[in-house]
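> Sharing a model that was predicted from the sequence below.
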Amino acid sequence: MYEEFSHFSKKKPEDVTSKGKIQVVNRLLENCRKVLEDEESIGFLDLLDDDELPQNSDVVLMLSQYVAAMKQYRGLYFRHDPMAGRQRWATE
């Protein structure tokens, strides 16, 4: 989704995003928030306001924050397990 909005933003950064797209994005972001709920980064992660439709560039900025938070999460909890001989998630 980040790549799609980046593409839109490069063509027309000031174009307003549709309410339907915002609802789809927010469903994805709500799932990300569940995964990240105990992480420090959660305080910097908001949902998009579908009453005040954002511009494409605003959506890209918001999604980039989630991408960074998810990369940080992966870096913390996805590591090599010597017993299994492969990478594994170290979460409950």
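The structure has been received and is ready for your questions. All values reported here derive from a predicted model rather than from experimental measurement.
> And the most far-flung residue of the chain relative to its centre, how close does it get to residue 90?
Each residue of the chain has a distance to the centre, and by CA atoms, centre = their mean the biggest one is for residue 83: 31.8 Å. Residue 83 sits at a distance of 12 Å from residue 90 (criterion: CB to CB, to the nearest Å). No exception for glycine: its C-beta is placed from N, CA and C like everyone else's.
> ditto for residue 23
33 Å.
> Number of residues surrounding residue 57?
18 (other CB atoms under 10 Å).
> whoops, I mixed them up, residue 3
10.
> any weak-confidence spans in the protein?
92 (pLDDT under 70).
> Let's check: the centremost residue of it is which one?
Closest-to-mean residue, the chain, CA atoms, centre = their mean: residue 66 / 3.0 Å.
> so what's residue 43 up against?
By CB atoms under 8 Å, 6 or more residues apart in numbering, residue 43 lies in contact with nothing.
> Confirm it sits in a helix?
Yes: with DSSP: H, G, I helix; E, B strand; the rest coil as the criterion, residue 43 is located in a helix.
> re the thing from before, the residue farthest from the centre of the chain: what secondary structure?
Residue 83 - assigned by three-state DSSP - is coil.
> From residue 56, how far out is it?
From residue 83 to residue 56 the distance is 46 Å (CB to CB).
> Could you check how far the helix ranked longest in the chain is from the centre of its chain?
For the chain, the longest helix by residue count, based on DSSP state H, is helix 56-77. Distance, stretch centre to chain centre, for helix 56-77: 5 Å (CA atoms, centre = their mean, to the nearest Å).
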